[in-house]
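K.L.:
predicted model and sequence below, questions to follow.
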Amino acid sequence: MYHQEILGQEDLASQVRSQLESVLELQLKDLIKEVLGVGVTDLLSDATLDTGRTGTIAILESAPKVRDASSKSKTQP
């Protein structure tokens, strides 16, 4: 009985996570495009109940343009 309750809770947590990912995916893609100036081809996401950690990988359409590393930062003299 107890084992079935745990499995039921894990199934519910998985369903909730999946629904949240669907809702947030478009917003996250838009935010990444706004910040990096590059579209997102795909988002890969996973979470684990054991550690409570979530990871997301964004596959970009192309490499974002970045500032030359040898140039001085505006915040550093």
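P.N.:
Arrived safely.

K.L.:
spatially central residue for this structure, please.
P.N.:
Geometric centre of the chain, nearest residue: Thr56, 3.3 Å, by C-alpha atoms, centre = their mean.

K.L.:
what sits closest to that residue if chain neighbours are left out?
P.N.:
Using C-beta to C-beta, 6 or more residues apart in numbering and skipping residues adjacent in sequence, the residue nearest Thr56 is Ser45, 4.5 Å away. From N, CA and C alone the C-beta is placed, and that goes for glycine too.

K.L.:
hmm, the one you found is touching Ile59, no?
P.N.:
No: at 11.6 Å, Ser45 and Ile59 do not qualify as touching, with contact defined as C-beta atoms under 8 Å.

K.L.:
now the helix or strand hosting the residue nearest to the centre of the chain, how far from the centre of its chain.
P.N.:
Assigning secondary structure by DSSP states H and E places Thr56 in strand 54-60. Distance of strand 54-60 from its chain centroid, counting by C-alpha atoms, centre = their mean, to the nearest Å, is 5 Å.

K.L.:
other SSEs contacting it?
P.N.:
helix 2-36, strand 40-47 (3 or more C-beta pairs under 8 Å, 6 or more residues apart in numbering; DSSP states H and E).

K.L.:
other residues contacting the last one?
P.N.:
If I follow you right, that is strand 40-47. Strand 40-47 is touched from outside by 17, 21, 25, 28-29, 32-33, 53-61, with contacts defined as C-beta atoms under 8 Å, 6 or more residues apart in numbering.
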